[in-house]
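*Asks:* Sequence plus predicted model, see below.
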Amino acid sequence: MASVANVDVKAIGLSTYLDPCTLEEHGFDNPAHAYIWGMDEEDDIKPALLAQKAAVILK
């Protein structure tokens, strides 16, 4: 699991949609969960930029 700031996602031209996870529905609570979209399948740059900004969360 990884964490990335919304401002970093938007800075590389991607969009987000807030979709909090709940214990009852997903088996864990994450009120900050969001979907990220806006990448093309052929895009190699945006996924790499996103990975550079991500912080791994160990549980």
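*Replies:* Done, it's in. Numbering: from 1, shown residues only.
*Asks:* And for residue 9, the neighbour number?
*Replies:* For residue 9, the count of nearby residues is 21 (other Cβ atoms under 10 Å). C-beta: built from backbone N, CA, C; applies to glycine.
*Asks:* and the most centrally placed residue in the chain, what helix or strand is that in?
*Replies:* Closest residue to the average C-alpha location of the chain: residue 36 at 5.3 Å, with Cα atoms, centre = their mean. Assigned by DSSP states H and E, residue 36 belongs to strand 34-37.
*Asks:* who touches that strand?
*Replies:* 4, 6, 9, 14, 15, 16, 17, 18, 19, 50 (Cβ atoms under 8 Å, 6 or more residues apart in numbering).
*Asks:* mind listing what's buried in that strand?
*Replies:* residue 36 (16 or more other Cβ atoms under 10 Å).
*Asks:* Stretch 40-49 too?
*Replies:* So for stretch 40-49, counting by 16+ other Cβ under 10 Å, buried means 46, 49.
*Asks:* cool, and stretch 6-19?
*Replies:* 9, 12, 14.
*Asks:* out of these, which are inside strands?
*Replies:* Judged by DSSP state E, the buried residues of stretch 6-19 include no members of strands.
*Asks:* As CSV, those with distance to residue 54 and pLDDT would be great.
*Replies:* What follows is those, written out as CSV (distance: Cβ to Cβ, whole Å; pLDDT from 0 to 100):
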residue, distance to residue 54, pLDDT
9, 10, 96
12, 12, 94
14, 13, 96
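*Asks:* which one of those sits closest to residue 55?
*Replies:* residue 9 (13.1 Å; Cβ to Cβ).
*Asks:* Next one: the closest one from residue 17, what distance?
*Replies:* Distance, residue 9 to residue 17, using Cβ to Cβ, to the nearest Å: 11 Å.
*Asks:* Any stretches of the chain with poor pLDDT?
*Replies:* 59 (pLDDT under 70).
*Asks:* quick one: furthest residue from the center of it?
*Replies:* In the chain, the residue most distant from the centre (Cα atoms, centre = their mean) is residue 24, at 21.3 Å.
*Asks:* tell me how far the helix or strand containing that residue is from the chain's mean position?
*Replies:* Secondary structure assignment for residue 24, by DSSP H and E: helix 23-26. Relative to its chain's centre, helix 23-26 lies at 19 Å (Cα atoms, centre = their mean, to the nearest Å).
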